[in-house]
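Student: requesting a structural model of the entry that follows:
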Amino acid sequence: QVQLVESGGGLVQAGGSLRLSCAASGRTFSRYAWHWFRQAPGKEREFVAAISWGGGNTYYLEAVKGRFTISRDNAKNTLYLQMNSLKPEDTAVYYCAANPTRYSPTPRDMDYWGKGTLVTVSS
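Tutor: Model prediction:
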């Protein structure tokens, strides 16, 4: 079993930055492909970014490319999402999630989820 706890959300003005963290405990962190998803009010949960278990491959939603950076620290069992140049449309609850074998942009392919952290971007 894997437990995930997100932190770092908050209220920020458009153009600002936030760094989200996801602390993992339980099974071996380094063997999983790690993901960030987000869900805005009234919308479906959508893929934001992912990083392979070795960290060599990263994947991004087109709308966040060049603004968001996903990274992981296997020694600290922590996943990060650096978000720069934030826009009001980035407002959502952000979730970290894990797949034990591969990257996938599909929420139903994730085995583990955190409870989320709210990011609000004001205009």
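
Student: and the nearest residue to P107 once chain neighbours are set aside, how far is that from S25?
Tutor: The shortest distance from P107 to any non-neighbouring residue, by Cβ to Cβ, 6 or more residues apart in numbering, is to R45 (4.9 Å). C-beta here means a position set from N, CA and C on the backbone, and glycine is covered the same way. In this structure, R45 and S25 are 23 Å apart, going by Cβ to Cβ, to the nearest Å.

Student: thinking again about what came up before, surely the residue nearest to P107 and H35 touch.
Tutor: No - in this structure, R45 is not within contact of H35 by Cβ atoms under 8 Å, at 10.9 Å.

Student: which one of these two is surrounded by more residues?
Tutor: H35 (29 against 19; other Cβ atoms under 10 Å).

Student: tell me the pLDDT of the closest residue to T58 other than its chain neighbours.
Tutor: Leaving aside its sequence neighbours, T58 sits nearest to I51 (Cβ to Cβ, 6+ apart; 5.1 Å). Listed pLDDT for I51 reads 95.

Student: count of neighbours near I51?
Tutor: Residues lying near I51 (other Cβ under 10 Å) number 23.

Student: same thing with A49?
Tutor: 26.

Student: that one pairs with what?
Tutor: W36, Y60 (DSSP bridges).

Student: quick check, R108 in a helix?
Tutor: Yes - secondary structure of R108 (DSSP: H, G, I helix; E, B strand; the rest coil): part of a helix.

Student: okay, strands next: where are they in this structure?
Tutor: Applying DSSP state E to the chain gives strands spanning 2-7, 10-13, 18-26, 33-39, 46-51, 58-60, 68-73, 78-83, 92-99, 112-113, 117-122.

Student: what distance do you get for the residue nearest the centre of the chain to K65?
Tutor: Compute the mean C-alpha point of the chain, and by Cα atoms, centre = their mean the closest residue is W36, 2.3 Å away. Distance, W36 to K65, by Cβ to Cβ: 13 Å.
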